[in-house]
Every structure is written in C-alpha cells, then in structure tokens.
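**Student:** sequence below, structure please.
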Amino acid sequence: MAPATPRPGDLIEIFRLGYEHWAVYVGDGYVVHLAPPSEIAGAGPSSLLSALADKAIVKKELLSVVAGTDKYRVNNKHDDKYAPLPPSKVVQQAEALVGQEVPYKLTSDNCEHFVNQLRYGVSRSDQVTDALLAVGVTVGVLGVGLAAANLFSFLLNRSQQEKQ
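**Tutor:** Sure, this is the predicted structure:
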C-alpha cells in the first residue's frame, strides 16, 4: 500500500533512529519543520544531540530532503480529538515562521509540539508523554519490587527471630 499523498496542513511523521521527527506539509513537495542544529536527514544517533539544543530554526525544505532515506507518513493522529485549523491557516502560520530562531526544549518545545500547535492550536508531544509514562511505570515497578523485597526481608527476619 502506497503512503497517503500529503495535502497542505497535513502532519508528516518521519521515522528517525530512536525517535520521530515531525513536519507540516505546505504544498508543492515542501514541509515546514523545527530544526535543532543536529536535525539532518539520516543523521541517526547524532540527531539525538538535539536534546542538548536550546534553540531551533524554523525551516521550509523539500520533504524528500528532510526525510532523506528515512520512511515517513501522513499522520494527523489527533483529528478525532481536536478540530484541525483550516489548511490555509496552518500553511500561512507555518510559512510566517520560516527563518525564525525559536526556543527548543525536548520536553516542551520540540518538533512535535511545533506541528501540533500549527495544526490544532494545541502544543503536545506524544513522544514526550509516552517517554514520561514509561519512566513513571518503570519507577513504579521498581518501587513495587523494592517494597516487596523489603516486606520479604522483614518477614524472613521476623520468622528467624521467632525461631530463636
């Protein structure tokens, strides 16, 4: 099955090694995206260095250049939750930001926050939410494991003391 042909205002999810990069399609093969210094197509692990950046540039580039050899798809995944803005408004807002240097934070101002703000007027990143949830679950599981180990140790010590 061929990927959906992007339409102006569509969100494009680009699958990088270890994360997804996001852009908004503005027509004629071009996307607008938030590009920290290390966000280059096919950069692989070095793109993860974007986590250290505190500024990014809004760029308008060909989707084929931004994606490089990485796979991508149209992913307007929040259309059922939020009403998308009219495509002309999404494109107009995106193009008005091209060339600007903007704050960048992996947890609150990343490329996914950027495109969701443009399409829905809502700044959100499921990658961040999912990562924080995974950390919370891991901490929770470790906490339960430690509590169980402490309880087991307490009961074992108590049992040994009762035998004496």
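**Student:** any low-confidence regions in the protein?
**Tutor:** Applying pLDDT under 70 to the chain flags the ranges 1-3, 37-53, 128-164.
**Student:** where do the strands of it begin and end?
**Tutor:** Assigned by DSSP state E, the strands in the chain fall at 11-16, 19-27, 30-35, 55-62, 72-74, 101-103.
**Student:** mind putting those in a markdown table, mean neighbour count and distance to Val90 included?
**Tutor:** Where you see a C-beta, it was placed from the backbone N, CA and C, and this is true even at glycine. Below are the strands of the chain laid out as a markdown table (neighbours: other Cβ atoms under 10 Å; distance: least, Cβ to Cβ, whole Å):
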| stretch | mean neighbour count | distance to Val90 |
| --- | --- | --- |
| strand 11-16 | 20 | 9 |
| strand 19-27 | 23 | 6 |
| strand 30-35 | 24 | 9 |
| strand 55-62 | 17 | 13 |
| strand 72-74 | 17 | 13 |
| strand 101-103 | 10 | 17 |
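**Student:** among those, which is nearest Lys89?
**Tutor:** Nearest of those to Lys89, taken as Cβ to Cβ: strand 19-27 at 11.5 Å.
**Student:** domains for this structure, by residue range?
**Tutor:** Here the domain assignment for the chain is 11-124, 126-164, based on automatic domain parsing.
**Student:** the first one: end-to-end distance?
**Tutor:** Across its full length, domain 11-124 reaches 13 Å end to end, with Cα to Cα, to the nearest Å as the criterion.
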